[in-house]
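1. what follows is a predicted structure for the sequence shown.
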Amino acid sequence: MRHHRHRPRVAHRSRAGLVAHLTALGALRCRDGPARGGRQTRQHRRSRRCAPVLQRRRRARDGRRWSQWRLRRRRARLRRRESRLLRSSRRARGPHPTSLVDVKAGTFGDDLEKELRSAHGITIGHWPQSVALATIGGSIACRGAGQYSTRYGKIEDMVAGLEVVLADGTVVRTGQLAAFGAGPRSAMGPDLTSMFVGSEGTLGVITSARLRGHPVAPEERRAAWAFPSFADGLEALRRTLQRGATPAVVRLYDATESKRSFDGLDTNLLIALDEGDGFIVEAAMAVLSEECATAEPLDVSLVEHWFNHRNDMSALELVIRAGIVVDTIEIAAAWDVLPAIYESALAALAQTPGIIAASAHQSHAYLEGACLYFTFAGQGPDPSDDAWAEDFYRRSWQAVLGATSIKGGSISHHHGIGLVRGQYLPDALGAGFEVLQKLKDALDPRAS
């Protein structure tokens, strides 16, 4: 039996490996060298003549293997790089993983939204009618609400932490701005953030805030319906919210406001707009449509009309210049008492001497209730009589807040307390008012 030397075919992983393999091949040939006594046989001479050719062939073959391996490795590196770039581009198009935004209190709302949307692809979702005039600190201090609140919440739902300067100069950082408060939730005692939100500057001055952001909505849907009564519209909204659907905008106008705001439309108008992930928007609007099945569908151009004029206050200036006293009052209450508050408040306004118009719409909805937004206008015998104007103004406020208080509603939803509501606050808070007074005395003893 003849024995053959087996030379393994190795796929080399480096140039050094290839050199070592070729060197081993040369050593084997040397061991196969001259036969007995140093004499070369004919076969050996022939192999020596063929050796350069075989060596070149082996080198070419191994070179091809080396090139193919390098090519495969380069392609793998390119695929990994493309994958990393794709992930990076997706992150660049989407929001920051935490979606938290630190903003100074003096920043105007529209400026903040423009920057976040254009540079970071996120939104806070706070769109009050005064968005071009209201600062973030002011919205927080008054517990403001935006027009898209049913989806994104009121400002207190957006605040993750605050920086507040107390009367003695102490700087307090709350929530996720605290030293160890970076978690999304905590159980480290009472929530100091909630204490300063809505304090209207009485407990400290808000200088900075950390807000929760959301991805800019990729989808939007709109719809509109007509209801035979304002109460019917409220009932449809109650069922929608309690089923878990939260369209960003659901606004129900009574017939008076519909005529005034929608070119004479004589009905109780519900407009709806939702934005966000397509699946969520589709589901929310499907629930709303199902609950509005008995109402009359209207053209969605009514939503477009509202959207284009929602912050237009030019007509108000003309009314005031004509000597007419006009204002708005927003309250909030549970679903089961909202229809009664609506009816009794408008009835009380109708009995106020000098009243010209009184109406209402629903603008912010929740699981347990909603906000009603009343508008009243009046004029006395002499438009220049300031005493009459002030008396009418206070009577109108008393009519709405009295009807609200009797039914256990909140005397303010998002406009804060200020001077007009101040006289109603002790009765509204009960013993809680004294707690706030003691807290104020502790934080600012010189003010008392």
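-> Noted; the coordinates are in hand. Residues are numbered from 1 along each chain as shown.
2. Validate this expectation: I140 resides in a strand.
-> No. According to DSSP: H, G, I helix; E, B strand; the rest coil, I140 belongs to no strand; its state is helix.
3. and it, what does it touch?
-> By C-beta atoms under 8 Å, 6 or more residues apart in numbering, the contact set of I140 is 105, 155-156, 159, 162, 196-198, 206, 209. For the C-beta atoms, the positions are set from N, CA and C on the backbone; glycine is no exception.
4. can you select the buried ones among those residues for me in ChimeraX?
-> With 16 or more other C-beta atoms under 10 Å as the criterion, this ChimeraX line picks the buried residues out of the contacts of I140:
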select :105,155,156,159,162,196,197,198,206,209
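5. so of the contacts of I140, which ones are in strands?
-> In this view, those that belong to strands under DSSP state E are 159, 162, 206, 209.
6. in the sheet, which residues pair with A334? Tell me.
-> Beta-bridge partners of A334, counted by DSSP bridges, are G369.
7. in stretch 281-301, what's buried?
-> 281, 284-285, 287-289, 291-292, 295, 298.
8. now tabulate the ones in strands among the contacts of I140 in CSV and tack on distance to G121.
-> Converted to CSV, the ones in strands among the contacts of I140 look like this (distance: C-beta to C-beta, whole Å):
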residue, distance to G121
V159, 21
L162, 25
I206, 27
A209, 20
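9. now those in JSON lines, with pLDDT?
-> Listed next are those as JSON lines, based on pLDDT from 0 to 100:
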{"residue": "V159", "pLDDT": "97"}
{"residue": "L162", "pLDDT": "97"}
{"residue": "I206", "pLDDT": "97"}
{"residue": "A209", "pLDDT": "97"}
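10. nearest to A340, of these?
-> V159 (33.0 Å; C-beta to C-beta).
11. ok, that closest one touching Q176?
-> No. With contact defined as C-beta atoms under 8 Å, V159 does not count as touching Q176 (9.3 Å).
12. shared neighbours of these two, which are they?
-> Common neighbours of V159 and Q176 (criterion: C-beta under 8 Å, 6+ apart): R210.
13. re earlier: in helices, which of the buried residues of stretch 281-301 appear?
-> If you go by DSSP state H, those have 281, 284-285, 287-289, 291 in helices.
14. the residues you listed: which two are farthest apart?
-> Farthest pair in these, by C-beta to C-beta: V281 and E291, 16.1 Å.
15. okay, now T202: neighbour count?
-> By the measure other C-beta atoms under 10 Å, the count of residues near T202 is 17.
16. OK, contacts around it?
-> Under the criterion of C-beta under 8 Å, 6+ apart, the neighbours of T202 are 440, 444.
17. make JSON lines out of the ones in helices among the buried residues of stretch 281-301 and add pLDDT and distance to Q351.
-> Listed next are these as JSON lines, based on pLDDT from 0 to 100; distance: C-beta to C-beta, whole Å:
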{"residue": "V281", "pLDDT": "97", "distance to Q351": "44"}
{"residue": "A284", "pLDDT": "98", "distance to Q351": "40"}
{"residue": "M285", "pLDDT": "98", "distance to Q351": "40"}
{"residue": "V287", "pLDDT": "98", "distance to Q351": "39"}
{"residue": "L288", "pLDDT": "98", "distance to Q351": "36"}
{"residue": "S289", "pLDDT": "98", "distance to Q351": "39"}
{"residue": "E291", "pLDDT": "98", "distance to Q351": "35"}
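18. which single one of the residues you listed is nearest to E317?
-> The closest of these to E317 turns out to be L288 (C-beta to C-beta; 35.2 Å).
19. nearest spatial neighbour of the closest one, skipping sequence neighbours?
-> With sequence-adjacent residues excluded and distances taken as C-beta to C-beta, 6 or more residues apart in numbering, L288 is closest to T240, at 4.9 Å.
20. any idea how far that neighbour is from L234?
-> 11 Å (C-beta to C-beta, to the nearest Å).
21. repeat that for T375.
-> Per C-beta to C-beta, T375 is found 17 Å from L234.
22. of these two, give the one with the bigger neighbour count.
-> More crowded of T375 and L234, by other C-beta under 10 Å: L234, with 23 against 19.
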